[in-house]
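Trainee: Sharing a model prediction with you, sequence too.
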4 protein chains.
Amino acid sequence: MSNLGKTEWVIPDGFMSDTESGNYVSHEAICVLNLNDECAEVELEIYFEDRDPILGFVASCSPKRCNHIRIDKIENKNGVKTPHEVPYAIYVKSNIPVVCQHSRMDVSDPKMTLMTTIAY
Amino acid sequence: MSNLGKTEWVIPDGFMSDTESGNYVSHEAICVLNLNDECAEVELEIYFEDRDPILGFVASCSPKRCNHIRIDKIENKNGVKTPHEVPYAIYVKSNIPVVCQHSRMDVSDPKMTLMTTIAY
Amino acid sequence: MSNLGKTEWVIPDGFMSDTESGNYVSHEAICVLNLNDECAEVELEIYFEDRDPILGFVASCSPKRCNHIRIDKIENKNGVKTPHEVPYAIYVKSNIPVVCQHSRMDVSDPKMTLMTTIAY
Amino acid sequence: MSNLGKTEWVIPDGFMSDTESGNYVSHEAICVLNLNDECAEVELEIYFEDRDPILGFVASCSPKRCNHIRIDKIENKNGVKTPHEVPYAIYVKSNIPVVCQHSRMDVSDPKMTLMTTIAY
């Protein structure tokens, strides 16, 4: 069942509103599924329109497990987080094949809306 | 017209809110189309972040038919259902090529929102 | 620029609520883009969970034009339309390569929600 | 890391409501990520159901940068913009490989709803 997936994934449309409503906070997630028998080491890079990318976001996904990586929560090696209210793009690299999906929850309205797509 | 599709499909972002609103309940569905002349035997596996997967969800899709498999309703061989309020991922295996799409209805807001993507 | 696209497309998750709200009616659309220099003849088939498919929905897409085919409006050769409140799937066949995207507007809530995906 | 992506992308389902609500305006965006070491020159073409396409929308995406191209804001060489309340489709051509995603925000309801998909 292994080798289903790819080692590189891209999401060009990233954006997190800096809002909350009730129990919800606006956020994005990169959801990873690892069907292999070994752990997947995943690295994320965040790209911007007018500044250098933020590199070095590290996560892992155990064998036969998924990981819903919250973009609003993860910090890179230097403790830097992804900013809100700024357009960005996400590049995901894994050492073994995984499958990646991207989803956004936006509660700025304040009625919640969702959008999702399998990453490229 | 047969052989359009694949035998393996993956959805990394699964999540069902444990809410209802009016006539609606929050749920997810794996929608399968079988364009072959024989029945498709479909098996689903649900993967989690911190526990072993739940295997052995079995469904079928008759020839020239679709099947909107409700993740909140289907039970595996042991009568186990997919839990609510927990992130998961879905792996679909069919004995013959089919096409799979995943959709979520979330009414926790309580205004309904939908999201969908062709599975990977 | 021609030959960008495919001649067969599939959408497994079709469903139209039988509702309207203000100026909106719940509906689905298959959006086709034809980048060729000749007209695309497009045929749609609607598949169901428990009955025979409805065949023979015919549309065309002129060269260098798009066509947002409304599933709630198109009739097949026998004057039959796609039913509401029933799960279905859509198969699209074109005589030349086109690109297809599927979108749903649901106003049953009655707050509008949208979902979309490039077809498979 | 370069060569991840493609030079041609298509979105068949374009539509912008001519509405605003609070701080929001209904709009669409083509989000581009350029992982190459050189600048990507991007050209957009807008196709319609019943009239000639509008050509010559030009944008660029710097190396290691993303660009969320707002369809409601970009003008072509002749100062023409994409019309509202009209179905259209988008064709994107880049001189080097990039990755494209399409998203719509609709606030006509006036509750905001979002939809997205990786382009074809």
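Mentor: Here it is on my side, so go on.
Trainee: In chain A, where is pLDDT below threshold?
Mentor: Applying pLDDT under 70 to chain A flags the ranges A:1-2.
Trainee: Show me what from it comes close to chain B.
Mentor: Counting by C-beta under 8 Å from any C-beta of the partner chain, the positions of chain A adjacent to chain B are A:1, A:4-5, A:29, A:31-33, A:35, A:64-68, A:99-103, A:111-118. Heads up, the C-betas are built off the backbone N, CA and C, glycines and all.
Trainee: quick one: which of those residues sit in strands?
Mentor: Using DSSP state E, the members of those that fall within strands are A:29, A:31-33, A:65-68, A:99-103, A:113-118.
Trainee: Residue A:74: neighbour count?
Mentor: The number of residues packed near residue A:74 is 17, by other C-beta atoms under 10 Å in any protein chain shown.
Trainee: make that residue A:40, sorry
Mentor: The number of residues packed near residue A:40 is 23, by other C-beta under 10 Å.
Trainee: residues contacting the spatially most central residue of chain A?
Mentor: Of all residues in chain A, the one closest to the mean position by C-alpha atoms, centre = their mean is residue A:30, 2.9 Å from it. Going by C-beta atoms under 8 Å, 6 or more residues apart in numbering or on different chains, residue A:30 touches A:9, A:11, A:44, A:68-69, A:71, A:90, A:92, A:100-102, A:119.
Trainee: for stretch A:13-21, how far is the first residue from the last?
Mentor: 23 Å (C-alpha to C-alpha, to the nearest Å).
Trainee: Show me what counts as buried in that stretch.
Mentor: The neighbour-count check on stretch A:13-21 (16 or more other C-beta atoms under 10 Å in any protein chain shown) flags A:13-17 as buried.
Trainee: Next one: that stretch, is it in contact with chain C?
Mentor: No - if you take C-beta under 8 Å from any C-beta as the test, stretch A:13-21 misses chain C, and the best it gets is 12.9 Å.
Trainee: now do stretch A:103-120
Mentor: Yes - residues of stretch A:103-120 contacting chain C under C-beta under 8 Å from any C-beta: A:111, A:113, A:115, A:117.
Trainee: Make a ChimeraX selection of whichever of the residues you listed turn out to be buried.
Mentor: The buried residues among these can be selected in ChimeraX (16+ other C-beta under 10 Å) with this line:
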select /A:111,113,115,117
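Trainee: restrict the residues of stretch A:103-120 next to chain C to contacts with chain D.
Mentor: Filtering the residues of stretch A:103-120 next to chain C for proximity to chain D by C-beta under 8 Å from any C-beta leaves A:111, A:113, A:115, A:117.
Trainee: Just send those back as JSON lines, with distance to residue A:82 too.
Mentor: Output for those, formatted as JSON lines (distance: C-beta to C-beta, whole Å):
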{"residue": "A:111", "distance to residue A:82": "24"}
{"residue": "A:113", "distance to residue A:82": "20"}
{"residue": "A:115", "distance to residue A:82": "17"}
{"residue": "A:117", "distance to residue A:82": "18"}
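Trainee: Need the max-distance pair from those residues.
Mentor: With C-beta to C-beta as the measure, no two of those lie farther apart than A:111 and A:117, at 21.3 Å.
Trainee: can you tell me the residue of chain A closest to chain C?
Mentor: As assessed by C-beta to the nearest C-beta, chain C sits closest to residue A:111 within chain A, at 6.6 Å.
Trainee: for that residue, what are its contacts?
Mentor: By C-beta under 8 Å, 6+ apart, the residues touching residue A:111 are A:21, B:109, B:111, B:113, C:111, D:111-112.
Trainee: Quick check: it vs residue B:104, distance?
Mentor: Between residue A:111 and residue B:104 the computed distance is 16 Å (C-beta to C-beta, to the nearest Å).
Trainee: Residue A:34 too?
Mentor: From residue A:34 to residue B:104 the distance is 22 Å (C-beta to C-beta).
Trainee: which one of the contacts of residue A:111 is nearest residue D:78?
Mentor: Comparing these against residue D:78 with C-beta to C-beta places residue D:112 closest, at 32.2 Å.
Trainee: which ones are touching that closest one?
Mentor: Counting by C-beta under 8 Å, 6+ apart, residue D:112 touches A:106, A:108-109, A:111, A:113, D:21, D:24, D:105-106.
Trainee: before we move on, the earlier item: could you dump the contacts of residue A:30 to a markdown table with neighbour count?
Mentor: A markdown table is the format used below for those (neighbours: other C-beta atoms under 10 Å in any protein chain shown):
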| residue | neighbour count |
| --- | --- |
| A:9 | 26 |
| A:11 | 30 |
| A:44 | 22 |
| A:68 | 19 |
| A:69 | 21 |
| A:71 | 21 |
| A:90 | 25 |
| A:92 | 23 |
| A:100 | 26 |
| A:101 | 27 |
| A:102 | 29 |
| A:119 | 25 |
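Trainee: ok, of those residues, which one's closest to residue D:80?
Mentor: Nearest to residue D:80 out of the contacts of residue A:30 is residue A:11 (C-beta to C-beta; 30.5 Å).
Trainee: That closest one reaches residue A:87, doesn't it?
Mentor: No - counting by C-beta atoms under 8 Å, residue A:11 does not reach residue A:87; the two are 11.8 Å apart.
Trainee: thinking residue A:107 is in contact with residue A:20, fair?
Mentor: Yes - counting by C-beta under 8 Å, residue A:107 touches residue A:20, with 6.4 Å between them.
Trainee: list residues touching both of the two?
Mentor: Counting by C-beta under 8 Å, 6+ apart, the residues touching both residue A:107 and residue A:20 are residue A:26.
Trainee: show me the contacts for residue A:78.
Mentor: Per C-beta under 8 Å, 6+ apart, neighbours of residue A:78: residue A:56.
Trainee: Could you look up the SS state of it?
Mentor: Under DSSP: H, G, I helix; E, B strand; the rest coil, the three-state class of residue A:78 is coil.
Trainee: one step back: how about the residue of chain A closest to chain C, phi and psi?
Mentor: When read as degrees, to the nearest 10, the backbone of residue A:111 gives phi -80, psi 130.
Trainee: again with residue A:93
Mentor: Main-chain dihedrals, residue A:93, degrees, to the nearest 10: phi -130, psi 130.
Trainee: separation between it and residue A:108?
Mentor: To residue A:108, residue A:93 is 31 Å away according to C-beta to C-beta.
Trainee: Between the two, point out the one with more neighbours.
Mentor: The neighbour comparison of residue A:93 against residue A:108 (other C-beta under 10 Å) goes to residue A:108, with 19 against 13.
Trainee: How about the contacts made by the more buried one?
Mentor: A:17, A:19, A:21, A:26, D:112.
Trainee: hang on, the earlier thing: out of the contacts of residue A:111, what pair is the most spread apart?
Mentor: Spanning the widest gap among those are A:21 and C:111, at 14.4 Å by C-beta to C-beta.
Trainee: Could you tell me which of the contacts of residue D:112 are located in strands?
Mentor: Going by DSSP E, the strands hold A:106, A:113, D:21, D:24, D:105-106 from the contacts of residue D:112.
Trainee: how about TSV for the residues you listed, with distance to residue A:49 added?
Mentor: Formatted as TSV, the ones in strands among the contacts of residue D:112 follow (distance: C-beta to C-beta, whole Å):
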residue	distance to residue A:49
A:106	19
A:113	23
D:21	25
D:24	20
D:105	18
D:106	23
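Trainee: Tell me which two of those residues sit farthest apart.
Mentor: Farthest pair in those (C-beta to C-beta) is A:106 and D:21. Separation: 13.5 Å.
Trainee: For residue A:63, give me its contacts.
Mentor: A:34, A:36-39.
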